[in-house]
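**Q** Predicted model follows, preceded by the sequence.
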Amino acid sequence: MIIQLDKKITGAQLKRLKEKLRDIKYSTTHVSTQYADYIIGVGKNEFDIRAIGALPGIRDIHRVSDAYKLVSKKWRVEDTAIKLDNGVELGAGRLALMAGPCSIESEEQITKTIEHLAANGVRIMRGGVYKPRSSPYSFRGLGIEGLQLWHEKASAAGIKIITEVMMVEQIEAMADYVDIFQVGARNSQNFNLLDALGEVDKPVLLKRGISGTIDELLQAAEYIFSNGNERIMLCERGIRTYETAYRNTMDINAIAMLKEKTHLPVIADPSHGIGLRRYVSPVALASVMAGADGVILEVHEQPEKAFSDGQQTLSFPEAERLYKRLRQAFELREMF
């Protein structure tokens, strides 16, 4: 169960509530987020929910049978919306577009990408400064110096930054320069990292693991929420299957399923999901029609010269056409 506490609950009232839950053999966990305080009760015994809900100091109470309780849709009437201070809102009936290169490579590349995004009304720029690469000899990013340069340029243009954090130790150094922390597929079950991001008041985009299930993704999000951060987005980026014709199997089904299971915004990453440039646009459009709240794309002025993932990266003209089509698809979806 999830019990939302009244902001004016007293210590004595909280103690009495926990005693009542122990009496029915429910374990309790106290969760404090940037928005509210909750008691999570876990147990199997049947009880009269009204007897608990009538106790003083309780704002609301819900039965939630899912193992992932706080991110479950069973207790939130409205979907979560995440607001950024440049007026961008993610989730809750809006389509968010995020785009940029796989890797931040140079000042010139940053400038040209920002100009491209600004001209097309895209106000969140993706890019990597710490890159988890399969080969240790591949380009692995410009690090904190690259992030600081990127932040300076993006802030001046009113563009927000989403970039991947790979270790707990990087969070503090990155925090002043990042608007959305991204957790990549390889770290989707790095529970120490998820715990630490739960203590940061910054939005987190959590990608599905390379071979992760939907439930594992939701449980990973629960780690972040239960440590205090409600500003979470889930990202379907394809999973590894036996198919070898493309990079990953983009699970469009998962987008529709997640929209039913959770109140969190769901973002599609068709660039990684298919891994082949010529298929990114149709997969992106299918993701929007399946219910995605946003799309994150890899774009580069000259994809063939990109330091990484050029084979799945759209050119600026290709991306510009896709932005327009995505917005049209979203408008069409909202008519039904």
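**A** On my side now, so go ahead.
**Q** So Arg16 sits against Leu55, correct?
**A** Yes - checked against CB atoms under 8 Å, the pair Arg16 and Leu55 is within contact range at 6.6 Å. Using the backbone N, CA and C atoms, a C-beta is placed for each residue, glycine as well.
**Q** How many residues are close by Ser155?
**A** Around Ser155 there are 14 other residues, counting by other CB atoms under 10 Å.
**Q** Now do the helices in the stretch 201-336 of the chain.
**A** 214-226, 252-261, 270-274, 277-289, 316-334 (DSSP state H, counting those that start in this stretch).
**Q** quick one: low-confidence parts of the stretch 51-200 of the chain?
**A** Counting by pLDDT under 70, the low-confidence segments of the stretch 51-200 of the chain come to 133-134, 137-139.
**Q** quick one, domains of this structure?
**A** Here the chain is described, according to automatic domain parsing, as comprising the domains 2-62, 82-334.
**Q** Just name the most buried of the ones you listed.
**A** domain 82-334 (a mean of 19; mean count of other CB atoms under 10 Å).
**Q** measure Leu326 to Ile82 for me?
**A** 19 Å (CB to CB, to the nearest Å).
**Q** Could you do Asp215 as well?
**A** Using CB to CB, we find Asp215 at a distance of 23 Å from Ile82.
**Q** before we move on, back to that, which one of the domains of the chain lies closest to Tyr68?
**A** domain 82-334 (4.2 Å; CB to CB).
**Q** ends of that closest one, how far apart?
**A** Taking CA to CA, to the nearest Å, the first and last residues of domain 82-334 lie 20 Å apart.
**Q** Which pLDDT value belongs to Asn229?
**A** If you check Asn229, the pLDDT there is 98.
**Q** surely it meets Val204?
**A** Yes - with contact defined as CB under 8 Å, Asn229 reaches Val204; the gap is 6.5 Å.
**Q** Just the helices from the stretch 1-150 of the chain, written as ranges.
**A** In the stretch 1-150 of the chain, the helices defined using DSSP H, counting those that start in this stretch lie at 11-23, 49-53, 107-119, 143-156.
**Q** among those, which is nearest Val31?
**A** Set against Val31 and scored by CB to CB, those come closest in helix 11-23, at 12.9 Å.
**Q** contacts for that closest one?
**A** Outside of helix 11-23, the residues that reach it under the criterion CB atoms under 8 Å, 6 or more residues apart in numbering are 3, 5, 27-28, 39, 41, 43, 51-52, 55-58.
**Q** so which of the residues you listed comes closest to Ala157?
**A** Proximity of these to Ala157 was ranked by CB to CB; the top entry is Leu5 with 41.6 Å.
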